[in-house]
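> I need the structure of the sequence given here:
(one chain, ligands or ions: 2)
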Amino acid sequence: MNAAKTPPPSRCRCLVLNPGLEVLDYRVPPGMVVGPGSVVVAPLGPRQIIGVVWEDGRLPGADFPLAKLRPLLSVLPVAPLPAPLRRLIEWTADYYLAPLSQVARMALSSSAALQGGGMTTEYRLTGAEAGRMTPQRTRAIERLAGQQATIRELAELAGVSDAVLRGMVTAGLLEAVRVDSDRAYPMPNPDHAVPDLNDGQAEAAEHIIAAVRARRFAPFLLDGVTGSGKTEVYAEAIAAALAMDRQVLILLPEIALTQNFLTRFEARFGAAPVAWHSALKASERRRAWRQVSLGGAKVVVGARSALFLPFADLGLIVVDEAHEIAFKQDDGVRYNARDVAVMRARFEAVPVVLASATPALESLAMAEAGRYERLVLPDRFGGAQMPDIRIVDLRTDQPERGRWIAPPLVKALKERAERGEQSLLFLNRRGYAPLTLCRGCGYRFCCPNCSAWLVEHRLSQRLACHHCGHEVPPPPTCPECGEPDCLVACGPGVERIADEMAQILPDARVIVATSDTLNSPDKAAEFVELVTGGGVDVIVGTQLVTKGFHFPDLTLVGVIDADMGLEGGDLRAAERTYQQIAQVSGRAGRGDKPGEVLLQTRHPEAAVIAALASGDRDAFYAAETEARRDAGAPPFGRWAAIIVSSEDEAEARDAARAIGGTRPSLADVAILGPAPAPLSLLRGRYRYRLLVNARRSSDLQSVLRDWLGLLKFPQGVRVAVDIDPYSFV
Ligand code: ADP
Ligand code: ZN
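Ligands and ions are numbered 1, 2, ... in the order given. Purely as a prediction, here's the structure:
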């Protein structure tokens with residue numbers, strides 16, 4: 001009786017990538033085959049838009065009659081977004097109060113990849129001698145050595161026009177190469193160079209490997225001191241996933257670390273992993289995205305955005321240096337990649353490893369509660385000792401006038417120089433000086449777009465804002481009083497410490513390592529090579545040098561200002577100070593020579609400093625836990641920030657007051673503010689902030705949605721919600 005065949009669904013619900021639209025229904029024309037995850041082209045008015053077919057029931061929409069729906073135009077030649085990724089998109093949008101379309105755009109992060117594979121033309125230098133050379137051609141030849149890419153990309157790399165390069169093709173200086181944009185990557189081999197793990201390492205690896213083989217969700221906190229071999233341990237779990245022919249995602253906090261990591265990975269697996277970060281060229285993005293979705297990219301190492309790649313068959317996720325705040329994204333969708341990684345692992349039903357020597361309190365609490373399995377590596381590999389940490393009390397051991405390195409540290413630096421060992425000076429401040437004054441009238445050089453001082457960068461001869469990127473050359477006269485040559489530098493930055501180093505040890509080879517100097521994977525690789533090869537005596541660096549690097553001849557770490565991170569109202573200031581100093585200390589004595597760390601401080605009695613000096617991590621975490629419990633802060637309570645901004649100060653203030661005026665009154669939620677943000681003007685926008693502090697049990701997201709959903713604001717006002725906020729600038 002019943003018809004044997006159910007007719008194919010003739011309508012479908014799409015999540016479209018246009019902000020403000022989100023969910024639209026379409027008719028599926030005869031002959032077109034779509035299912036959940038299909039990436040489609042759909043009409044919208046006269047335009048064509050991209051959408052992803054979704055399960056009907058999971059997205060609310062208006063049930064228009066079929067006859068009124070417009071037909072889809074085509075299905076794009078890519079694999080459907082897998083169900084676990086669709087669930088991740090939903091979860092991220094819901095948890096972080098972000099528009100679904102904005103989250104979906106993070107997953108469809110290469111528009112070229114959506115157009116399919118196929119052959120493309122790339123160009124490279126032929127090495128031929130040019131008849132007629134112009135300055136532009138010379139520049140192109142200099143900058144394009146070893147590069148192969150499209151004309152557009154090469155033009156960008158070389159800083160010349162497309163036309164110059166086309167001329168070079170005609171002149172035989174550049175040649176065309178046909179490449180398959182879907183070519184696979186070299187396969188990492190799990191058995192290439194298997195290390196001998198020590199007992200502790202092997203035991204930790206076994207736990208993770210068992211979960212990889214069982215294909216089950218299992219979050220691990222790999223808690224091992226610096227130099228204990230955490231990388232070697234999770235590498236064995238990666239090998240297990242590779243042996244099952246599954247894919248692996250490794251998240252790293254910083255692009256500067258990738259090169260270092262790639263080399264090490266290649267030594268272990270015989271082939272480099274696939275890198276994913278914002279500095280990739282469009283053609284590289286296209287290939288990587290497609291190969292991830294086709295399963296041909298086996299291991300991806302990337303920045304937080306790699307979390308939303310469409311893996312065909314993910315078997316394991318690793319978050320290295322999982323405590324790093326670089327995993328927190330503070331614009332667009334404000335998410336924490338560490339937490340989203342755990343959710344992705346859950347949807348994929350695979351293990352996730354959070355590796356750190358200084359785990360976030362939140363992660364430790366999850367382990368304590370039995371929700372994460374904690375794997376401990378208490379000792380450094382190969383008998384290397386943890387460094388000896390000493391305090392330099394700046395109140396009694398004062399540096400000379402106008403200097404920042406106190407006598408005990410000067411002495412230790414000289415000893416290292418005599419022994420031919422390397423030193424690292426840590427100061428988390430780029431540039432020469434954080435504040436510049438006029439010597440005549442005391443005028444302070446400030447950013448016009450932000451309530452912040454301009455930082456002098458002497459190497460590049462500019463005054464720069466570290467918040468918005470505004471830059472000016474140092475003015476010849478004071479803009480206020482007209483005094484010539486008036487600039488006085490106040491306080492130290494890394495460049496100034498490097499100058500001081502040159503005075504202390506005139507023969508020392510000093511290198512400044514910051515995001516200004518190590519701003520590309522290549523530069524970072526050069527840095528590592530230089531230091532490892534013994535071409536550097538003293539590194540002066542910011543937080544960039546606190547993590548990941550392994551320099552066996554580095555035996556001294558000097559922390560210029562251990563108190564710096566404790567200033568400011570950040571609720572995690574103590575924890576961050578602890579992590580930063582413990583991490584930078586961890587760079588000392590990783591080889592067979594013992595390491596020493598000197599902490600310059602004015603507050604040796606502060607709990608953080610005392611814990612660092614005595615090496616008593618547990619005492620620090622215990623004290624910090626109690627402080628958080630008292631404050632109802634994470635992990636005991638939850639925070640959200642509501643940030644209201646406008647180019648018009650009154651408009652921002654009024655909008656913030658309007659939000660404040662409609663605050664819900666709930667027993668388990670406290671709402672503070674509105675108050676001007678610490679940086680009340682940022683990138684030309686005035687900012688006000690409300691802080692919401694809720695009990696763990698409360699449904700914070702619903703409270704915020706109900707509250708903010710009712711309000712309307714003028715056009716120029718932006719209201720952003722930051723769930724689990726980190727940076728409070
Ligand atoms: P962590 O990430 O815990 O700071 P690493 O993984 O960088 O530590 O290891 C520190 C150093 O010890 C590295 O040079 C690493 O190659 C070496 N190492 C660690 N475990 C082993 C092992 N089982 N066999 C050989 N070398 C190891
Ligand atoms: Zn600025």
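> For M168, see how far away T134 is.
10 Å (CB to CB, to the nearest Å). (C-beta placed from N, C-alpha, C; glycine too.)
> The two: which has the busier surroundings?
M168 (27 against 13; other CB atoms under 10 Å).
> Tell me the confidence at the residue nearest to the spatial centre of the chain?
For the chain, the residue nearest the mean C-alpha position is A326 (3.9 Å; CA atoms, centre = their mean). Note for A326: predicted pLDDT of 91.
> any idea which element the closest residue to it other than its chain neighbours lies in?
Nearest residue to A326 in three dimensions, chain neighbours excluded: P253, at 3.8 Å (CB to CB, 6 or more residues apart in numbering). For P253, there is no helix or strand it lies in under DSSP states H and E.
> List the residues that contact P253.
A303, D320, E321, E324, A326, F327, K547 (CB atoms under 8 Å, 6 or more residues apart in numbering).
> residues near the fourth one, how many?
Using other CB under 10 Å as the criterion, E324 is surrounded by 25 other residues.
> I'd like to know how far it sits from E254.
The gap separating E324 from E254 is 8 Å, by CB to CB.
> Burial check on A211, number of neighbours?
Quick note: A211 (other CB under 10 Å) scores 23 neighbours.
> I'd say it and A204 touch.
No - in this structure A211 lies outside contact range of A204 using CB atoms under 8 Å: 11.9 Å.
> Quick one: residues in contact with the helix or strand of the chain with the lowest mean pLDDT.
Ranking every helix and strand in the chain by mean pLDDT, DSSP states H and E puts helix 255-269 at the bottom, with a mean of 85. With contacts defined as CB under 8 Å, 6+ apart, helix 255-269 is touched by 188-190, 192-193, 195, 231, 235, 238-239, 242, 250, 252, 272-273, 275, 277-279, 299, 301, 303, 320-321, 515, 518, 520-522, 524-525, 528, 544, 547-549.
> quick revisit: could you dump the contacts of P253 to TSV with distance to R638 and secondary structure?
Formatted as TSV, the contacts of P253 follow (distance: CB to CB, whole Å; DSSP: H, G, I helix; E, B strand; the rest coil):
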residue	distance to R638	secondary structure
A303	26	coil
D320	26	strand
E321	24	coil
E324	21	coil
A326	22	helix
F327	18	helix
K547	28	coil
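> quick one: which of those residues is nearest to L17?
A303 (21.4 Å; CB to CB).
> re earlier: ok, and of the contacts of helix 255-269, which contact ligand 1?
With CB under 6 Å from any ligand atom as the criterion, the contacts of helix 255-269 include P195, T231 near ligand 1.
> how far does stretch 528-539 sit from the chain's center?
25 Å (CA atoms, centre = their mean, to the nearest Å).
> For it, give me every contacting residue.
Contacts to stretch 528-539, defined as CB under 8 Å, 6+ apart, come from residues 259-260, 413, 416-417, 422-425, 501, 505, 508-511, 513, 545, 549, 551, 553-554.
> Output the contacting helices and strands for the top strand by length along the chain.
Ranked by residue count under DSSP state E, the longest strand found in the chain is strand 669-682. If you count contacts as 3 or more CB pairs under 8 Å, 6 or more residues apart in numbering; DSSP states H and E, strand 669-682 packs onto strand 637-646, helix 649-661, strand 685-695.
> low-confidence ranges in this protein?
Residues of the chain meeting the criterion pLDDT under 70: 1-9, 130, 256-257, 568-569.
> Backbone dihedrals for the residue in the stretch 151-300 of the chain positioned nearest to ligand 2, both of them.
Closest to ligand 2 within the stretch 151-300 of the chain is S278: 21.3 Å, counting by CB to the ion. Torsion angles at S278 (phi, psi; degrees, to the nearest 10) stand at phi -70, psi -20.
> Isn't it up against S305?
Yes - applying CB under 8 Å, one finds S278 in contact with S305, separated by 7.1 Å.
> between the two, which one's more packed in?
Shown here are S278 and S305; by other CB under 10 Å, S305 has more neighbours (16 against 10).
> Would you map the strands across the stretch 151-300 of the chain?
Along the stretch 151-300 of the chain, the stretches classed as strands by DSSP state E, counting those that start in this stretch are 174-180, 218-224, 247-251, 274-276, 299-302.
> which of those sits most buried?
Greatest average neighbour count among those goes to strand 247-251 (a mean of 27), per mean count of other CB atoms under 10 Å.
> near ligand 2, which residues of the chain show up?
Counting by CB under 5 Å from the ion, the residues of the chain lying close to ligand 2 are C447, N449, C450, C465, H467, C468, H470.
> Near ligand 1, which residues of the chain are found?
Neighbours of ligand 1 within the chain, by CB under 6 Å from any ligand atom: 195-198, 201, 224, 226-232, 381, 550.
> can you tell me which of the residues you listed are in helices?
Q201, K230, T231, E232 (DSSP state H).
> Buried ones among those?
Among these, the ones that count as buried by 16 or more other CB atoms under 10 Å are Q201, K230, T231, E232.
> Spatially, which two of those are the most separated?
Q201 and T231 (10.4 Å).
> Report how many residues lie close to I238.
28.
> Wait, it touches R246, no?
No - using CB under 8 Å, I238 makes no contact with R246, being 9.9 Å away.
> which residues are in contact with both of these two?
L316.
> Strands along the stretch 451-600 of the chain, start to end?
455-457, 462-464, 471-472, 487-490, 510-513, 538-541, 554-559, 596-601.
> Tell me which helix or strand comes right after the last one.
Pointing back at strand 596-601 there. Following strand 596-601 in sequence, per DSSP H and E, is helix 607-614.
> Specify the angle between that following helix and strand 554-559 in degrees.
Here the directions of helix 607-614 and strand 554-559 differ by 160 degrees (axes from the mean of the first three to the mean of the last three CA atoms, to 10 degrees).
> Which elements pack onto helix 607-614?
Short answer (3+ CB pairs under 8 Å, 6+ apart): helix 607-614 packs on strand 388-393, helix 573-585, strand 596-601, helix 617-631.
> Please state the offset of the third one from the chain centre?
Mean C-alpha position of strand 596-601 versus that of the full chain (CA atoms, centre = their mean) differs by 28 Å.
> what's the answer for the last one, then?
Mean-position distance between helix 617-631 and its chain equals 26 Å (CA atoms, centre = their mean).
> show me what contacts G332?
So G332 contacts Q102 (CB under 8 Å, 6+ apart).
> Could you measure from whatever residue of the stretch 301-450 of the chain ends up closest to ligand 1 over to ligand 2?
Relative to ligand 1, the nearest point of the stretch 301-450 of the chain is F381 (3.6 Å; CB to the nearest ligand atom). Separation of F381 from ligand 2 (CB to the ion, to the nearest Å): 44 Å.
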